[in-house]
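Student: Need a 3D model of the following:
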Amino acid sequence: DAGNTALSALAGTDPNGNGTIAGFTIKSLPTTGTLYFNGAAATVNTVVPANQANLLSYTPAKAGTYTFTYSATDNQDAESATNATFTIPVAAPLPVVLVRFEAQRTGAGTTLSWATASERNSDYFAIERSLDGTTFVELGRVASHGTTLQSQAYQFVDAEAARTAVPVVYYRLRQVDLGGAVAYSAVRTVALPVAGLVVQAYPVPARGTSVQLAVSTPAAGAATFTVTNALGQALLTRQVVLAAGPNSLAVPEAAYWPRGVYVLRLVQGASHHTTKLVCE
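Tutor: Residues are numbered from 1 along each chain as shown. Here you go, the predicted structure:
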């Protein structure tokens with residue numbers, strides 16, 4: 001229920017063109033909800049004087065678009081030949097009113113905190129992280145409070161943030177209600193210190209898609225990465241040139257590998273980093 005909402009004033013054109021609008025007559029009502037005139041429920045044939053045309057209001061029963069019709073009558077008692085239609089759009093109530101969402105670096109991780117002013121049929125919050133600001137992966141879930149008019153505070157710690165191999169990570173909340181409807185928060189970013197050669201593979205798991213590698217290195221230069229299967233057999237060896245800072249590499253071959261866990265080893269000079277690729 002969105003509550004009672006004032007409507008804009010009714011308007012019309014003098015039916016015969018030689019007088020002024022004296023009033024309006026309600027000809028039909030919205031299919032749901034209640035139309036009010038001057039605080040009382042309106043009915044078909046309710047007369048609304050022109051100087052009180054701004055005293056209509058509407059209380060909806062549910063979200064949707066609703067209409068009612070009315071005619072105009074001038075000061076010579078001539079009524080309009082056709083009825084006008086008044087349209088009332090009613091937005092669905094927000095399942096959650098999010099009043100705060102913050103992301104802060106805490107040591108090697110990131111602490112996410114948020115608060116709601118109220119919740120309606122809310123199921124849970126999914127915390128999502130992205131390494132490039134575009135592709136988001138779910139990190140975990142926090143149960144919400146269902147329906148409440150009380151302010152609620154939540155927190156989630158991403159303890160692995162420093163291992164993402166990127167200088168900036170992106171976070172957002174996916175709020176899911178009991179009916180499965182989804183709403184997203186604004187995106188928050190956190191700057192992370194990156195030391196040494198670090199590699200992060202995503203998505204995890206990869207389901208018939210290319211694997212992306214987020215590589216960060218303090219120095220530019222040539223590097224080689226090798227992917228081996230569970231038997232230690234090399235499936236792929238590739239030479240690349242890395243820039244100092246963040247780099248993005250693609251492994252499209254992963255889309256065709258059998259389900260399993262693979263080991264990727266990246267070597268740059270005296271530095272090396274090993275990580276796992278998971279394919280499903």
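Student: Tell me the secondary structure at residue 11.
Tutor: Classification of residue 11 by DSSP: H, G, I helix; E, B strand; the rest coil places it in coil.
Student: can you check residue 51 too?
Tutor: Classification of residue 51 using three-state DSSP returns helix.
Student: for the one 3 residues further on, same thing?
Tutor: Residue 54 falls in the coil class when you classify it by three-state DSSP.
Student: Hmm, it is touching residue 24, no?
Tutor: No. Residue 54 lies out of contact with residue 24 (Cβ atoms under 8 Å); the separation is 11.4 Å. To be clear about C-beta, it is placed using only N, CA and C from the backbone, and glycine gets the same treatment.
Student: between those two, who's got more neighbours?
Tutor: Taking other Cβ atoms under 10 Å, residue 54 and residue 24 do not tie; residue 24 has more neighbours (27 against 12).
Student: How many residues are close by the closest residue in space to residue 274 that isn't next to it in sequence?
Tutor: Nearest-residue entry for residue 274: residue 265, 4.8 Å, with adjacent residues in sequence omitted and distances by Cβ to Cβ, 6 or more residues apart in numbering. Applying other Cβ under 10 Å, we find 16 residues neighbouring residue 265.
Student: Just list the residues touching residue 265, thanks.
Tutor: Each residue near residue 265 by Cβ atoms under 8 Å, 6 or more residues apart in numbering is listed here: 225, 226, 228, 272, 273, 274.
Student: Same check on residue 123?
Tutor: Residue 123 touches 143, 144, 146, 176, 177, 178, counting by Cβ under 8 Å, 6+ apart.
Student: Now do the same for the first one: its pLDDT.
Tutor: Okay, so that is residue 143. As predicted, residue 143 sits at a pLDDT of 96.
Student: Pairing partners for the residue nearest to it when sequence neighbours are not counted in the sheet, please.
Tutor: Closest residue to residue 143 apart from its sequence neighbours, by Cβ to Cβ, 6+ apart: residue 124 at 5.1 Å. Counting by DSSP bridges, residue 124 is bridged to residue 143, residue 176.
Student: Hmm, residue 124 is touching residue 141, no?
Tutor: Yes. If you go by Cβ under 8 Å, residue 124 and residue 141 touch, sitting 4.9 Å apart.
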